[in-house]
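Sharing a model that was predicted from the sequence below.
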Amino acid sequence: MVSETVEVQPLVEFTNIKCDAVDPNFCKFEYCLLKSVNRTYKYFMVKLNLYKTPLTKAKVNFAIYKFANGYKPFLYNITVDACKFLQNPKSNPVTNYVYGFIKDFSNINHSCPYNDDFVVDKITTEFFNQRVKYLLPFPEGKYLFQMNWMPYGIMRAVFKIYIILS
């Protein structure tokens, strides 16, 4: 009898994206798009226009929620000083893992000050699959990944992406 090994690979599907500029005097989302090219190729793009530059102080809170009769906290809920983190990304391995999802697709790639709008360009489900499969495996389910941007200690913008991992 021949024994076959079957490798189960995670499959990420983006289901929704939401962006909210909590302080419209400070920033505005120019676009916040989830694009489905075909059944297997989806990506998202975000552009946040900053009205008060240079940005010299910012904290970011990111949290992962898993759906179980509503979205419940799962694994991480971390707040970091973004300016200090970007000076030394290896100082916080969990934040560096999350940052790895956007760093090669965005202009958020240096320490403060920031004088330009924030842009995240075409992050695909295929890229998410690779990071979830090889770097930090997650169990199947529905997830919400949320980022709260707090320049100068005030909530300014919220980014949410909803994902199914099967």
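Ah, there it is.

How much space separates the nearest residue to Met150 once chain neighbours are set aside from Val37?
The shortest distance from Met150 to any non-neighbouring residue, by Cβ to Cβ, 6 or more residues apart in numbering, is to Lys59 (4.4 Å). The C-beta positions use only the backbone N, C-alpha and C, and glycine is treated the same way. Per Cβ to Cβ, to the nearest Å, Lys59 is found 35 Å from Val37.

Compare the two (neighbour count), which wins?
Lys59 (19 against 9; other Cβ atoms under 10 Å).

what's across from the more buried one in the sheet?
Per DSSP bridges, the residues bridged to Lys59 are Asp81, Met150.

do Asn49 as well
Lys28.

going forward can the numbers begin at 161, since that is how I track them
Shifting the count to begin at 161 puts that one at Asn209.

What is the longest helix of the chain by residue count?
Using DSSP state H to define each element, the chain has its longest helix at helix 285-294.

residues touching the residue nearest to Met310, list them.
239-242, 310-311, 313 (Cβ atoms under 8 Å, 6 or more residues apart in numbering).

Among these, the buried ones, what's the PyMOL command?
A single PyMOL command selects the buried members of those (16 or more other Cβ atoms under 10 Å):
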select buried, resi 240+242+310+311
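
in stretch 264-278, what's buried?
For stretch 264-278, by 16+ other Cβ under 10 Å, it's 265, 268, 272, 274, 277-278.

and what of stretch 279-289?
279-280, 283-285, 287-289.

still on that earlier bit, from the buried residues of stretch 264-278, which two are the most distant?
Phe265 and Cys272 (19.9 Å; Cβ to Cβ).
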